[in-house]
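Q: Below is the structure, and that's it, no one-letter string:
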């Protein structure tokens, strides 16, 4: 998603500085979600052990 916003902002003629400043919260939020998702999802090795 952030890459699409970056390209869209540049195509729309916005300043690269403004686009990047607006993308910082989006990137931080995306990283936060991926960390939470990684912690809540069991690893594939554990899934194999549970199946027997």
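A: The structure has been received and is ready for your questions. Keep in mind that this is a model prediction, so the values were computed, not measured.

Q: List the contacts of the longest helix seen in the chain.
A: Taking DSSP state H as the criterion, the chain has its longest helix at helix 16-40. Helix 16-40 is contacted by residues 1, 2, 5, 6, 9, 10 when judged by CB atoms under 8 Å, 6 or more residues apart in numbering. In short, each C-beta sits where N, CA and C put it, glycine included.

Q: for the third one, what are its contacts?
A: Which is residue 5. Residue 5 makes contacts with 19, 22, 23, 26, as judged by CB under 8 Å, 6+ apart.

Q: Residue 15 versus that one, what's the distance?
A: According to CB to CB, to the nearest Å, residue 5 stands 14 Å off from residue 15.

Q: Tell me which residues of the helix or strand containing residue 5 come out buried.
A: According to DSSP states H and E, residue 5 maps onto helix 2-11. If you call a residue buried by 16 or more other CB atoms under 10 Å, then helix 2-11 has these buried ones: 6, 9.
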